[in-house]
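Colleague: Task: produce atomic coordinates for the following.
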Amino acid sequence: MRFAVLAFILVCLVSPQVHAGAWLREEGKGFAATTIQTTADNATSSTIYIEYGITPRITAGIDATYDSDFINFYSSDFFAEDTETFPDGSGIFFLRFPIGSTDRTNKWAYHVGLGARYLDGVLYRAFEVGLSWGRGIQIGTRYGWVNVDFSYNDAPSPAEERVKLDGTVGLGVGDRSKVMLQIFNTFEGGDTLTKIAPSYLYTMKNGVTTFQIGSEIPTENNGDPTLKLGLWYEF
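Modeller: Model prediction:
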């Protein structure tokens with residue numbers, strides 16, 4: 001089942017965004033992204049992100065995650081009666097709007113969204129608001145970007161309020177190559193989880209397809225490092 005889900009995601013949805021958050025999509029232009037992560041113990045997670053420019057000042061999108069600690073098929077405990085687990089996940093449909101002019105150096109945007117959280121086999125409605133800032137940067141002859149995203153996601157109990165504060169710095173290192181460093185901070189249920197995520201990005205000659213390889217490394221021994229593979233696509 002796990003491999004079927006992952007294959008479906010890879011085949012049907014290619015691509016995460018280089019410039020999301022504070023950047024809006026051009027009218028009639030879109031972006032799609034998917035990532036898959038796995039640990040040494042075969043725990044997996046995946047993300048799907050799609051956004052589309054409806055008007056010059058409105059971008060619509062979907063942001064979804066799926067996490068599951070599947071039991072190793074080759075484990076002697078695979079068929080034990082108490083090994084049933086439910087995957088956790090969330091999905092938000094959002095609208096993003098700019099704050100001020102979209103062509104200034106420092107870009108600001110906010111988003112509002114509705115969706116659901118999937119917890120212990122039950123769906124709970126969810127509401128989200130967020131604020132983003134970003135701008136282009138130059139280091140020597142190389143160009144890149146920096147982006148900071150804040151979001152607040154609320155859902156009924158037993159789901160917890162979730163606050164996220166993420167930062168991204170990216171830099172071009174070649175005609176089709178980029179490096180990216182992200183820091184993800186999640187505050188939920190009184191706990192804090194911080195992950196550092198370095199990645200390498202390579203864009204194909206067609207200019208619309210980008211491959212990502214990287215990792216997410218939790219701090220303070222809170223979880224296991226993951227291998228991260230992604231596929232991005234602009235349309």
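Colleague: Counting by contacts, list what the helix or strand hosting Ile50 packs against.
Modeller: Counting by DSSP states H and E, the element that carries Ile50 is strand 44-55. For strand 44-55, the packing partners by 3 or more C-beta pairs under 8 Å, 6 or more residues apart in numbering; DSSP states H and E come out as helix 2-12, strand 30-38, strand 58-68. The C-beta positions use only the backbone N, C-alpha and C, and glycine is treated the same way.
Colleague: By mean pLDDT, show me the worst of these.
Modeller: Set side by side, the helices and strands packed on strand 44-55 give their lowest mean pLDDT on helix 2-12, at a mean of 39.
Colleague: so how far is Phe31 from the residue nearest in space to the middle of the chain?
Modeller: Central residue of the chain (C-alpha atoms, centre = their mean): Thr47, 5.7 Å from the mean position. Distance of Thr47 to Phe31, given as C-beta to C-beta, to the nearest Å: 13 Å.
Colleague: and what of Thr105?
Modeller: Thr105 is 22 Å from Phe31, by C-beta to C-beta.
Colleague: try Asp154
Modeller: Between Asp154 and Phe31 the computed distance is 26 Å (C-beta to C-beta).
Colleague: So for these two, which sits in the more crowded spot?
Modeller: Neighbour count, other C-beta atoms under 10 Å: between Asp154 and Phe31, Phe31 has more, with 24 against 15.
Colleague: got the angle for the strand holding Ile50 vs strand 30-38?
Modeller: If you take axes from the mean of the first three to the mean of the last three C-alpha atoms, to 10 degrees, strand 44-55 sits at 170 degrees to strand 30-38.
Colleague: and the angle from strand 44-55 to strand 58-68?
Modeller: Going by the same axes, to 10 degrees, strand 44-55 is angled at 170 degrees with respect to strand 58-68.
Colleague: Now do strand 44-55: distance to the chain's middle.
Modeller: With C-alpha atoms, centre = their mean, to the nearest Å as the basis, strand 44-55 stands 8 Å off its chain's centre.
Colleague: repeat for stretch 149-168
Modeller: 13 Å.
Colleague: what does that stretch rub up against?
Modeller: With C-beta atoms under 8 Å, 6 or more residues apart in numbering as the test, stretch 149-168 has contacts from 20-22, 90, 92, 111, 116-117, 119-120, 124-132, 145-148, 180-189.
Colleague: low-confidence ranges in the protein?
Modeller: Applying pLDDT under 70 to the chain flags the ranges 1-19, 69-87.
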